[in-house]
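sequence and computational prediction follow.
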Amino acid sequence: MINKIICATVISLLLFSCDNTEKEVKTITVEPSQAILKNIPSNDFSLVLDDMTIEETENQIIHKHKYKVLELKKDSLYSTDKDWAVVNQTFFSNHKNDLGMEILSRHNGKVSTLAQPVGFGWAIGNTAHGEWEETKKDSTSTSNSGTTHRRWRTHSTSPFFWLWLGSRRSIFRSDYTNYRTYNTSGRSYYGQNSNNTYGYGTRSSYQKKTRSSFFTRQSKNTSRWNNLEKRTSRSSSRYKSGSSTRSRSGGTGK
């Protein structure tokens, strides 16, 4: 009887050990975002994190991003959707809260890798593209001071006009001022308020409404998302070099 108990215990331990064998994490040599930066040598552009996912094979865990490139060519703005691309786990973890935000940009010759709401660093507040207009507050306003506030209005002649029109998002001066404070200190701005809610990025109600497929996919793999920072570099280093993946471009200009 004792021998049977010992045997059963050993088998259970072996099964537990097999089930918890740490899978390899796929790695790449060059991040797709850096490859995109290199392939756009002169035009101003912004790289928007359009989607992300964690996939698993029998032996590997694979982290992927999907990007949208907003590129200025003369007086036109071109929006190009990129294919899914493998990214390193650390890079993926660093941007897990940045869905729908710029994670890389170059404007006026300056490259930024700070995640920020789309256009806040180069279009919003730029009088060449729009202006702040006085509007009445509605029931959704969180400010208790005054009955009006200033909202950004993009000129119809601006190359960004259709971009903002398509998003249907109102951008207020108070929000932009807070962004400038965060940006100056090198911090990403998510529009968080006293109620601990967010206006931008993965945790915002806006993204939850507009990217439902992402959140459905995320909910089916919560354990991997919750343990992003707990992975060790040991599993990553076992992945052999030469398996990097490069994204392909696609989409049409607008």
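Nice, I can see it.

what segments of the stretch 101-250 of the chain are helices?
Shown for the stretch 101-250 of the chain, the helices assigned by DSSP state H, counting those that start in this stretch span residues 161-167, 173-184, 205-210, 212-219, 222-226, 233-237.

and the longest one, what other elements does it pack with?
I take that to be helix 173-184. strand 148-154 (3 or more C-beta pairs under 8 Å, 6 or more residues apart in numbering; DSSP states H and E). (C-beta placed from N, C-alpha, C; glycine too.)

flag every buried residue along the strand it packs on.
Within strand 148-154, the residues scored as buried using 16 or more other C-beta atoms under 10 Å are 149-154.

now distance to residue 94 too, for the helices of the stretch 101-250 of the chain, in CSV please.
Converted to CSV, these look like this (distance: least, C-beta to C-beta, whole Å):
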stretch, distance to residue 94
helix 161-167, 25
helix 173-184, 17
helix 205-210, 18
helix 212-219, 17
helix 222-226, 14
helix 233-237, 14
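
can I get those in CSV with mean pLDDT?
Below are the helices of the stretch 101-250 of the chain laid out as CSV (pLDDT from 0 to 100):
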stretch, mean pLDDT
helix 161-167, 86
helix 173-184, 95
helix 205-210, 93
helix 212-219, 92
helix 222-226, 85
helix 233-237, 43
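
so which of these comes closest to residue 128?
helix 161-167 (12.4 Å; C-beta to C-beta).

in the closest one, what's buried?
161, 163-164.

chain center to that helix, what's the gap?
Computed by C-alpha atoms, centre = their mean, to the nearest Å, the chain-centroid distance of helix 161-167 equals 19 Å.

can you list the residues that contact that helix?
70, 77, 79, 118-119, 154-155, 254 (C-beta atoms under 8 Å, 6 or more residues apart in numbering).

try it again with 6 Å
residue 154 (C-beta atoms under 6 Å, 6 or more residues apart in numbering).

got the confidence number for residue 19?
At residue 19, the model reports a pLDDT of 48.

can you count the residues close to residue 183?
16 (other C-beta atoms under 10 Å).

same question for the one 4 residues further on.
Burial measure for residue 187: 13 neighbouring residues, criterion other C-beta under 10 Å.

do the same with residue 94
Around residue 94 there are 15 other residues, counting by other C-beta under 10 Å.

show me what contacts residue 198?
Counting by C-beta under 6 Å, 6+ apart, the residues that residue 198 touches are 190-192, 204.

tell me the one of those residues nearest residue 103?
residue 190 (13.1 Å).

follow-up on the earlier one: now render the buried residues of strand 148-154 as a markdown table, adding distance to residue 50 and pLDDT.
As requested, those are arranged in a markdown table below (distance: C-beta to C-beta, whole Å; pLDDT from 0 to 100):
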| residue | distance to residue 50 | pLDDT |
| --- | --- | --- |
| 149 | 30 | 85 |
| 150 | 29 | 92 |
| 151 | 26 | 93 |
| 152 | 23 | 94 |
| 153 | 26 | 94 |
| 154 | 21 | 93 |
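
having no further points to raise, I will conclude here.
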